[in-house]
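Colleague: 3D model of this:
(one chain, ligands or ions: 2)
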Amino acid sequence: MNISNTICAPATSVGTGAISVIRVSGPDALAVTDRVVAFRQGACSSSQGYSLKFGTVPDVDDVLVSVFRAPHSYTGEDATEISCHASPYIVERIMELLSEAGAVPAESGEFTRRAFVNGRMDLSQAEAVADLIASSNEASHHVAMHQLRGGISTELQELRSQLLEVTSLMELELDFSEEELEFADRRQLVSLLDSCIAHIKRLTDSFRLGNAIRRGVPVAIVGATNTGKSTLLNALLGEERAIVSPVAGTTRDTVEEVFNIDGTDFRLIDTAGIRETSDEVENIGIDRTFEKLMLADSVIAVFDLDSPADRLSSELQNVLKRVNLRTQQLVIVLNKADLLEGFEEASADFASGTVPTSENSQIPAELRVNKIVTDFNNIVSLADNKIDVIVMSAKSGYNLERLYKALSDHQKARIADAGTATLVANARHYNALKAASRALSLARSGIASRTPTDLVSQDLREALYHLGTITGEITTDEVLGNIFSKFCIGK
Ligand SMILES: Nc1nc2c(ncn2[C@@H]2O[C@H](COP(=O)(O)OP(=O)(O)OP(=O)(O)O)[C@@H](O)[C@H]2O)c(=O)[nH]1
Ligand SMILES: [Mg+2]
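Modeller: Ligands and ions are numbered 1, 2, ... in the order given. Alright, predicted model coming up:
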C-alpha cells in the first residue's frame, strides 16, 4: 500500500441525516482542501491544527472544515474533515473536486490502516475500531472500547516481558555446560512458563464469552423430531422463518437467525430433530445438530408433553449426556402444553406462568404434566439445579416470556461474572494465542526433559512470534489486507 499520496472518502453514509463528513488525509491534505474550498479567513495550509474554518465550495455548498496537523490526527498525517449538507449530489461533487485537486479515493479501512502504519495504534486496536462501529449493544461496545484502549495490548506486553525473562535466563545458561545447569534454574524456568501458559489460558477461555458478545450468543434448539423446535424458533423470532409441519424430520439442515432480547444479540439455531433414521440427508442434518449443540452457549432442549413418559426420560438422558453444564446453559422446554386436558383452566389459574420447580412444588393437579414435570425436575436437580424447566406452548406463545427471560438472565450473569477482565473477542487473536500456548508447552517440556537450550529457544521465539502477530509487530501485507478490507470506506 502506498501511503505517500493523499486520500479522500465520505466518512458518513450518504443520504441519511442532515450533515455528511468527507475526510482528506495525507501529505497534501491541506493544500488539496484549499484548492476545493474557498475560505474567507486564511487557507488550511496556514491554519493551526484543531482549528475549524468556514468556507464555500463554489456553486456547491457552504462547508465547515476541521484542520488536523501531523502527527495529531487519526491517521497521524495532515488531515481535514469537510462537513457539508448530506445530499448525495453535494458529497459526490465534492469528492470529484477533491480528486481533480490531487486526492485519490481511499480504499476500505485505509484511514485506519494508515493510523496503524504510522504507529497511532497497534493492530488489535485498529481491529477494535471496526468492532466499535459494529457494536450494537452495551456489552459489545464495552468489549470493543476495552480493546481500543489497549486491553489486549497490555496483556500481551505482560506476557512478552515474562517470556523475555525466560529467554534471558536461558541465555545465561547457554554459557554453562549441560552438567553445570542448576536444577533450581530449571524449576524457575518451568514455573515461569507455567504462569505464562496459565495467563494465555485465561485469555483463550474468555473467547467463548467474548465471541458471544461480539457475534451474538449461539443458542441451539435441539430435541426429538416433531417436538416443535421450528415452531419455537418462529415464536421466538416473531416471524415464520422455519418450515413447520406435522411430518417428522421436516427440518433437515440448520436454520440460523439473529434476534435481540433486551439489548443482547442471540444467534438462534434450529436443528434437525434427533431420531434413528436410514435417510442419508437427514442423518447429515442430525450430525450437524450435535455439532451445533456442542458449540452453543445456551441449549434449548424441546420435549413433546404429549409423548409417553418413558420416551421423554430417555430423550432427556440423551440431552444431558451431550450438554456440558459447566460451560453451557440448558433450558428444558416441555412443549405443547395446550394439548393437555385442562390446560385452558390451569393456564388461567396459573396465568403468572407458574411452573412447578423444586422451590415451588405447587402443581396444577388437572394437568397430566404434573408427573412429567416432577420427573424432569428430579432428574434435573440431580444434574444441576440451575437448569430451567419451562412448560410451554410454542403454538400459543404460553410462557414464551419465561424463555426470553431465562436466556437473557443467564447472559447478563455471565457478563457480570466476567467483570472488567479482558475478553478475547476476535478469532484471529484467539488462534494466535492458542499457537503461542502450544509453542510454550513444547518449550516447557523441553526444559523439563533437558532438551538442548537452543531447541527450547526456538519454541520460545515461536511463541513470541505468535503473540507479536496480534498487535501487528509482526505482520504481512496479506494479513493487513484481510483485516482492513472488511472495514467500511472512510474509516
Ligand atoms: N398443539 C401444539 N402443536 C405444536 C406446538 N408446537 C408445535 N406443534 C406442532 O407440532 C408439529 C411439528 O412442529 P415443528 O415445529 O415442525 O417440529 P420440529 O421439532 O421442528 O420437527 P422436525 O423439524 O421434524 O424435527 C407441527 O404440526 C406443529 O404445528 C404446540 O405448542 N402445541
Ligand atoms: Mg423443524
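
Colleague: for the nearest residue to residue 33 once chain neighbours are set aside, give the beta-bridge partners.
Modeller: Once flanking residues are discounted, residue 33 sits nearest to residue 80: 4.5 Å by C-beta to C-beta, 6 or more residues apart in numbering. All C-beta atoms are positioned from the backbone trio N, CA, C, and that covers glycine. In this entry, residue 80 is beta-bridged to residue 24, residue 67, by DSSP bridges.

Colleague: and the strand or helix carrying residue 267, which strands flank it?
Modeller: Secondary structure assignment for residue 267, by DSSP states H and E: strand 264-270. Strand pairing for strand 264-270, determined by DSSP bridges: strand 217-223 (parallel), strand 255-261 (antiparallel).

Colleague: now the first one: how far from the chain's centre is it?
Modeller: Between the centre of strand 217-223 and the centre of its chain there are 17 Å (C-alpha atoms, centre = their mean, to the nearest Å).

Colleague: for stretch 84-92, same thing?
Modeller: So, by C-alpha atoms, centre = their mean, the centroid of stretch 84-92 is 34 Å from its chain's centroid.

Colleague: again, but for stretch 21-40
Modeller: Centre-to-centre, stretch 21-40 and its host chain are 38 Å apart (C-alpha atoms, centre = their mean).

Colleague: and it, C-alpha only, in CSV?
Modeller: What follows is stretch 21-40 as a C-alpha-only set of coordinates in CSV (Å, rounded to 0.1, in the frame of the first residue of the first chain):
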residue,chain,number,x,y,z
VAL,A,21,-18.4,14.4,6.5
ILE,A,22,-15.7,13.9,3.9
ARG,A,23,-12.2,13.1,5.1
VAL,A,24,-9.0,14.0,3.5
SER,A,25,-5.7,12.7,4.7
GLY,A,26,-2.0,12.7,3.5
PRO,A,27,0.9,15.0,2.9
ASP,A,28,-1.1,17.2,0.6
ALA,A,29,-4.4,17.1,2.6
LEU,A,30,-4.3,20.8,3.5
ALA,A,31,-3.3,22.1,0.0
VAL,A,32,-5.9,19.8,-1.7
THR,A,33,-8.6,21.1,0.6
ASP,A,34,-7.5,24.7,-0.1
ARG,A,35,-7.9,24.0,-3.9
VAL,A,36,-11.5,22.9,-3.4
VAL,A,37,-12.8,25.2,-0.6
ALA,A,38,-12.6,29.0,-0.7
PHE,A,39,-12.0,30.3,2.8
ARG,A,40,-12.8,33.8,3.9
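
Colleague: just the buried residues of it, please?
Modeller: 21-26, 28-37, 39 (16 or more other C-beta atoms under 10 Å).

Colleague: hey, where'd the helices end up in the stretch 151-300 of the chain?
Modeller: 151-174, 183-205, 207-215, 229-237, 280-295 (DSSP state H, counting those that start in this stretch).

Colleague: quick revisit: can you put the strands paired with strand 264-270 in JSON lines and add mean neighbour count and distance to residue 417?
Modeller: Shown next, in JSON lines, are those (neighbours: other C-beta atoms under 10 Å; distance: least, C-beta to C-beta, whole Å):
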{"stretch": "strand 217-223", "mean neighbour count": "26", "distance to residue 417": "14"}
{"stretch": "strand 255-261", "mean neighbour count": "16", "distance to residue 417": "19"}
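
Colleague: mean pLDDT for those: which is lowest?
Modeller: Looking at those, the lowest mean pLDDT belongs to strand 255-261 (a mean of 92).

Colleague: what comes into contact with that strand?
Modeller: Contacts of strand 255-261 with the rest of the structure, by C-beta atoms under 8 Å, 6 or more residues apart in numbering, involve 136-137, 216, 230, 233, 236-237, 241-242, 265-270, 404, 407-408.

Colleague: quick one: it near ligand 2?
Modeller: No: judged by C-beta under 5 Å from the ion, strand 255-261 stays clear of ligand 2, getting no closer than 8.1 Å.

Colleague: is ligand 1 contacted by that strand?
Modeller: No: contact of strand 255-261 with ligand 1 (C-beta under 6 Å from any ligand atom) is absent, the minimum separation being 9.5 Å.

Colleague: okay, now residue 168: neighbour count?
Modeller: For residue 168, the neighbour count with other C-beta atoms under 10 Å is 10.

Colleague: got a list of what it touches?
Modeller: With C-beta under 8 Å, 6+ apart, residue 168 has no contacts at all.

Colleague: look up how far residue 217 lies from it.
Modeller: To residue 217, residue 168 is 43 Å away according to C-beta to C-beta, to the nearest Å.

Colleague: residue 204 now?
Modeller: Counting by C-beta to C-beta - residue 204 and residue 217 are separated by 19 Å.

Colleague: check residue 378 too.
Modeller: 29 Å.

Colleague: repeat for residue 76
Modeller: With distances taken as C-beta to C-beta, residue 76 is found 37 Å from residue 217.

Colleague: burial check on the residue nearest to residue 188 when sequence neighbours are not counted, number of neighbours?
Modeller: Computed as C-beta to C-beta, 6+ apart, the closest residue to residue 188 that is not its neighbour in sequence is residue 169, at 7.0 Å. With neighbours defined by other C-beta under 10 Å, the count for residue 169 comes to 14.

Colleague: can you check the pLDDT for the most centrally placed residue in the chain?
Modeller: Centroid check for the chain by C-alpha atoms, centre = their mean gives residue 214 as the closest residue, at 2.5 Å. On the pLDDT scale, residue 214 is placed at 91.

Colleague: cool, and residue 396?
Modeller: Looking at residue 396, the pLDDT reads 92.

Colleague: is it true that it touches residue 338?
Modeller: Yes: assessed by C-beta atoms under 8 Å, residue 396 is found in contact with residue 338 at 5.1 Å.

Colleague: so for stretch 98-110, what gets flagged as buried?
Modeller: Applying a neighbour-count criterion of 16+ other C-beta under 10 Å, one finds 98, 101-103, 106-110 buried in stretch 98-110.

Colleague: and if you look at stretch 194-210?
Modeller: In terms of neighbour count (16+ other C-beta under 10 Å), stretch 194-210 has its buried residues at 196-197, 199-200, 203-204, 206-210.
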